[in-house]
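# the following comprises the amino acid sequence and a computationally predicted model.
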Amino acid sequence: MFPMSEETIKTGKENRSFHWAWIILAICFFDLFVNYSVRLGYGVILPEMIRDLGFTRTAAGSIYNAYLFTYIAFTPLAGYLTDRIGARRVITVCLLILSTGILLMGTVRSLSTAFLFYAVAGLGAAGLWTPVITVVQRWFAPTHRGRALGVLSTGYGLGFAAMGVFFPWVVHAFSWRYAWYFLGLGALAMAVLNGFLLRSDPSAEGRRPWGTGETVTGGASAAAETPERGFVEKVLRNRTFWLIGLSYLCISYSLYGITTFMVDYAKDEIGLSLERASLLATVHGICQVAGVLTILPLSDYLGRKKTILLSNLFISVAIAGILFSGGAWMAMYISVGMMAVFYGVTFPIYGACAGDYFPTKWMGTVIGAWTPFYGVGAILAHWAGGMLRDASGSYSSAFLINMIMAGFAFLLFIGVGTEKKEVGKMRS
């Protein structure tokens, strides 16, 4: 759209004051808002689904795992296709699939249909993280990526916060099924918006990333570049790739083990009302927004490694606060808020490591290849958390393991080198 003239490309000067990067960022913000309302909203809807359908906590965790199985199975492909055919096609198609799965979730009557329909939603969600953060990073210069990802990441924090307020109203006015119907329609609307307005790469549109200097360093699109043969094997042999991936697995286990079950824990174990227990999701969402708007921009100056180490350490401390709150609801709110500040930072900053530690043209593929680590961590957390709760009648053991896993995530990332040094190794 609105390509620059040949003269403008040569001189690197652009007269327009408005940059299409901000349209990209706004669209991707709402993509994440809808996607994470679906993903994190499951934990808010969970208590009412259990009560109405008679599912055990192990079964409820397994439903989420059906979503995660298809999500992690197809996200590497989504990342690869983003580098090959562009983010717009991938995201638009995946939003259509997501909306189908979520609308069907409102019709669930049995465990088998819940597995199937949430698995369809997971297939759609495969194109709503890796391609989204890849396209945003391509539209912003490296020194501004933390700021852009901070704004972007408020989408999932606000999505979770909205579910905490919205869902109790839906239950009282209609039923838990209508929460899925509304979310499905939202995903469908975003599919249309992405199809018309999203653009996969700035160079293909005759533009440069926002925040780039006046000199144009090359006319070729990063997304259109073909990585050299054997680049996947080169990534998989890289020690940094594995250290970051395993750290991502551990912190994913830690965070999902809390967020999926915390409303059920507050309602059925501590004894809070549905409104007060659901408010934890709102606290979580608001504090996520605070975290991504402050800590992610700070990572542009502090560095990703130091920021991730700080984040993982505070998450471990916050989970300890939840575990030892002793039923004091205010202490639980404070601990959940502290965890959420760094929860919101975790996923985009691990994703930003792809652009910092690996060449830009590999970004989508690397992020996609890290997603199975994230997914395995979340799946194990749901399986273990639900099983331990059903066996013991308490979430204490599950939450203790979550705290330990956050500590492992911290220790693993200590072994990761500095960004510039690692990129030099990959290019050599």
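On my side now, so go ahead.
# setting the sequence-adjacent residues aside, check what's closest to Phe342.
In space, and not counting its chain neighbours, Phe342 is closest to Ser311: 4.2 Å by C-beta to C-beta, 6 or more residues apart in numbering. Where you see a C-beta, it was placed from the backbone N, CA and C, and this is true even at glycine.
# helices of the stretch 101-250 of the chain, start to end?
Here the stretch 101-250 of the chain has its helices, by DSSP state H, counting those that start in this stretch, at 111-125, 130-139, 145-173, 176-197, 231-236, 239-259.
# tilt between the host helix or strand of the residue nearest to Phe342 and helix 145-173?
Counting by DSSP states H and E, the element that carries Ser311 is helix 304-323. Per axes from the mean of the first three to the mean of the last three C-alpha atoms, to 10 degrees, the angle that helix 304-323 makes with helix 145-173 is 30 degrees.
# and helix 304-323, what other elements does it pack with?
helix 239-259, helix 274-302, helix 329-357, helix 396-414 (3 or more C-beta pairs under 8 Å, 6 or more residues apart in numbering; DSSP states H and E).
# helices or strands up against the first one?
Right, helix 239-259. Packing partners of helix 239-259 (3+ C-beta pairs under 8 Å, 6+ apart): helix 304-323, helix 329-357, helix 363-392, helix 396-414.
# so which of the helices of the stretch 101-250 of the chain is the most packed in?
Here the criterion is mean neighbour count by mean count of other C-beta atoms under 10 Å, and of the helices of the stretch 101-250 of the chain the winner is helix 130-139, at a mean of 28.
# helices and strands around it, which ones?
Contact partners of helix 130-139 among helices and strands, from 3+ C-beta pairs under 8 Å, 6+ apart: helix 21-53, helix 57-85, helix 87-105, helix 145-173, helix 329-357, helix 363-392.
# where among those is the average confidence lowest?
Looking over those, mean pLDDT reaches its minimum on helix 145-173, with a mean of 73.
# so what pLDDT did the residue nearest to Phe342 get?
For Ser311, the predicted pLDDT is 92.
# and what of Gly424?
We have a pLDDT of 49 for Gly424.
# give me the distance between the closest residue to Phe182 other than its chain neighbours and Trp180.
Distance criterion C-beta to C-beta, 6+ apart; nearest residue to Phe182, sequence neighbours excluded, is Val170 at 7.3 Å. Distance, Val170 to Trp180, by C-beta to C-beta, to the nearest Å: 10 Å.
# and Ile401, by the same measure?
The gap separating Ile401 from Trp180 is 30 Å, by C-beta to C-beta.
# one more: Ile102?
According to C-beta to C-beta, Ile102 and Trp180 sit 5 Å apart.
# next: Gly364.
Distance of Gly364 to Trp180, computed by C-beta to C-beta: 30 Å.
# pick out the residue closest to the middle of this protein.
What sits nearest the mean C-alpha location of the chain, by C-alpha atoms, centre = their mean, is Phe347, with 5.2 Å.
# hang on, it packs against Trp129?
Yes - counting by C-beta atoms under 8 Å, Phe347 does reach Trp129; the two are 7.4 Å apart.
# that older thread, to Leu272, which of the helices of the stretch 101-250 of the chain lies closest?
Distance to Leu272, taken as C-beta to C-beta, is lowest for helix 145-173 among these, at 12.2 Å.
# what are the phi and psi values at Gly54?
phi 70, psi 30 (degrees, to the nearest 10).
# list the contacts of stretch 237-244.
235, 350, 353, 357-358, 366, 369-370, 412-413, 415-417, 422, 425-426 (C-beta atoms under 8 Å, 6 or more residues apart in numbering).
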